[in-house]
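Participant: Predicted model, plus sequence, below.
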Amino acid sequence: MTAMSVEIRLPTLLRPHAEGAASVRADGATVGDVFTELTTRYPGLAGQLIDDQGGLHKFVNVYCNDDDIRYLQQLDTKVTDGDVVSILPAVAGG
Amino acid sequence: MTHPPAVRASSWNCEDRTPDFLVLGSAAVAHRVRVLAFPLDCRDVDSQHATQLASPTLHLTHAQYEAIVAHCFDGFPDEACGLLAGPLTGSGAGTDPTGAEPTGEVTAVYPCENAAHSARVYRISGKDLMSATLDASKRGDEIVSVWHSHTHTDAYPSPTDVDQAMEAQRLERPWLYAIVSLKYGEPVLRAYWIRERRIIEVAVEVGHP
């Protein structure tokens, strides 16, 4: 499958791990592929996003455009050219 | 029952004010909400307490306060929630996440859906967060606060609020946490920092120009 170029938007505290960028571009066929490229380029991001089992940390929300990938195919969610992948905090409480 | 000793509680006790009433809320549920229309000096009744509060002072206009409280009544019996945008101090508005904090000024109120649809917890969807963040950035501001209602408890962060704040702060700079209690006859709004699991109250001014 052809790799797709997507924009990844980073939350404030992850930006220092990506040379201060608020958004970066990466290629991949799935969100997982894109994250692999992202964390290869910026190794400091790996531990911030991915847990020991290879899944997303539970405090990390990832949206592909307007959709939470937890309700899609998680890291296997396919991306297409021009998609925007946003990394967001969980904003919640009781 | 101890009445919260907050500046906001004092504000409601300004006896020289004739309360104004508005009908706010959805078509299905209309609520009579007393509109805060007191002069600023009314808030100084409890000035000794106010001086102990941390900075910054969260400044809300009457309209902003009313928008927050009305949304909380609209969401009842579920918890209601939303976000506030405003400017940051210092250089952190750029890439340095540690060098900036909210000034306390509020430029926009974003009522959000409680995606948890619960009377005990709230959750702001990523879609609402992205939409508010985009709108704030267009005006050169950032999200500086999250607010929600406590329908039957005081306007003080719950253990769940603290747990969730700690998780959010792994990705975002600390926000101010504003809480509206609907436990009493009148709504009570208070605001806090939650840092390293410590809860630190900040002052709130309603009626800011």
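Facilitator: On my side now, so go ahead.
Participant: Residue of chain A closest to chain B, please.
Facilitator: Nearest residue of chain A to chain B, counting by Cβ to the nearest Cβ: residue A:94, 3.1 Å away. Every C-beta, even on glycine, is put in place using the N, C-alpha and C of the backbone.
Participant: which element follows the helix ranked longest in chain A toward the C-terminus?
Facilitator: Identified as the longest helix of chain A according to DSSP state H is helix A:31-41. Using DSSP states H and E, the helix or strand that follows helix A:31-41 in sequence is helix A:46-49.
Participant: Dump the C-alpha coordinates for that following helix into PDB.
Facilitator: C-alpha atoms of helix A:46-49 as PDB (Å, rounded to 0.1, in the frame of the first residue of the first chain):
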ATOM      1  CA  ALA A  46       8.000   7.200  22.000                       C
ATOM      2  CA  GLY A  47       7.600   6.800  25.700                       C
ATOM      3  CA  GLN A  48       5.100   9.600  25.800                       C
ATOM      4  CA  LEU A  49       2.700   7.900  23.400                       C
END
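Participant: What are the contacting residues of that helix?
Facilitator: A:14, A:17, A:35, A:39, A:56, A:57, A:60, A:87, B:170, B:171 (Cβ atoms under 8 Å, 6 or more residues apart in numbering or on different chains).
Participant: Same question for stretch A:59-73.
Facilitator: A:30-31, A:48-49, A:56, A:75, A:77, A:79, A:83-90, B:125-127, B:130, B:167-168, B:170-171.
Participant: Sketch out the low-pLDDT regions of the chain for me.
Facilitator: This is for chain A. A:1-3 (pLDDT under 70).
Participant: Chain B, not that one
Facilitator: If you take pLDDT under 70 as the line, chain B has these spans: B:1-51, B:91-99, B:208-209.
Participant: let's go with 50 and repeat that
Facilitator: B:1-50, B:92-94 (pLDDT under 50).
Participant: all helices of it, in order?
Facilitator: Using DSSP H, helices in chain B cover B:7-12, B:47-50, B:62-75, B:126-138, B:159-168.
Participant: Turn those helices into a markdown table, columns for mean neighbour count.
Facilitator: As requested, the helices of chain B are arranged in a markdown table below (neighbours: other Cβ atoms under 10 Å in any protein chain shown):
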| stretch | mean neighbour count |
| --- | --- |
| helix B:7-12 | 22 |
| helix B:47-50 | 13 |
| helix B:62-75 | 21 |
| helix B:126-138 | 18 |
| helix B:159-168 | 18 |
